[in-house]
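A.B. asks: sequence first, predicted model second:
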Amino acid sequence: MQCSVVLVNGHVGALERSNSTVADYLFHQSADAKCNLGQKSLQCGRKPDCLKLWLAWKRYGTKGLGHRVDLAMANAALLADKVKADPRFHLLIQPQSCQVCFFYLPPSLRARAAAEGVPALYAQLDGVTQAVCVRMQRAGSVMVNFSPLPDQGLPHFIRAVMIQPRVMAADIDFMLEEIDRLGRDL
């Protein structure tokens, strides 16, 4: 459904300069950042989304879209419950939408987190979060984003958006196990 083409000749960096949103929560500075075309894309502005919404509404109808929203919220609540119940993780806030924000606590930090509290470990958790998410992306096993909230004093945390309607409880379990598998040595 999405097809946009702009051809630019002889103007290196023009697309990035004109379309970049410098949205740190979407685009991360890493060795793989050059592969992220979002900063150079017209789509990053999200203007065509109203057409996609209208087409989805035509396809699924009001009840169908409502079901998808309910499912996304149920999956977010399920993930949040699993994170809260598992000592390997720390839920930042009970989700108000389909987005679940949490930290992974590797074995090397769990005792300190229990004794000193998670905020005392923010500097270490910032690096843990980024390392785990990059490892998952490179492994091709799970694609989950991470984001800081510097105005709230929060370092990078895992930001899982549970909007995919085909996600099942087993997928959520797999994601949590994969985070632990790829991060337990940190």
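C.D. replies: Ah, there it is. Here the structure is a predicted model, which means the values were calculated and not measured.
A.B. asks: which SSE is immediately downstream of the longest helix along the chain?
C.D. replies: Looking across the chain with DSSP state H, the single longest helix is helix 49-85. Moving toward the C-terminus from helix 49-85, the next helix or strand (DSSP states H and E) is strand 89-91.
A.B. asks: tell me the mean pLDDT over that following strand?
C.D. replies: The average pLDDT for strand 89-91 rounds to 96.
A.B. asks: again, but for stretch 116-133
C.D. replies: Here the average pLDDT along stretch 116-133 is 93.
A.B. asks: separation between the residue nearest the centre of the chain and Cys101?
C.D. replies: Relative to the mean C-alpha position of the chain, the nearest C-alpha, by C-alpha atoms, centre = their mean, is the one of Asn145, at 2.4 Å. Relative to Cys101, Asn145 is positioned 10 Å away (C-beta to C-beta, to the nearest Å). The way it works is simple: take the backbone N, C-alpha and C, and place the C-beta from them, glycine included.
A.B. asks: any shared contact partners between the two?
C.D. replies: Taking C-beta atoms under 8 Å, 6 or more residues apart in numbering as the contact rule, Asn145 and Cys101 both touch 158-160.
A.B. asks: who are the packing partners of the strand of greatest length in the chain?
C.D. replies: If you go by DSSP state E, the chain has its longest strand at strand 154-161. For strand 154-161, the elements it packs on are strand 99-104, helix 122-139, strand 145-149, judged by 3 or more C-beta pairs under 8 Å, 6 or more residues apart in numbering; DSSP states H and E.
A.B. asks: so what are the sheet partners of it and their directions?
C.D. replies: Taking DSSP bridges as the criterion, strand 154-161 forms sheet pairs with strand 99-104 (antiparallel), strand 145-149 (antiparallel).
A.B. asks: can you check what angle separates it from helix 122-139?
C.D. replies: 40 degrees (axes from the mean of the first three to the mean of the last three C-alpha atoms, to 10 degrees).
A.B. asks: may I see the buried residues of strand 154-161?
C.D. replies: 154-161 (16 or more other C-beta atoms under 10 Å).
A.B. asks: which members of the residues you listed are the farthest-apart pair?
C.D. replies: Spanning the widest gap among the buried residues of strand 154-161 are Pro155 and Val161, at 19.2 Å by C-beta to C-beta.
A.B. asks: wait, a helix at Leu176?
C.D. replies: Yes - Leu176 forms part of a helix when assessed by DSSP: H, G, I helix; E, B strand; the rest coil.
A.B. asks: surely it meets Pro87?
C.D. replies: No - contact status for Leu176 versus Pro87: not in contact, 11.9 Å apart, counting by C-beta atoms under 8 Å.
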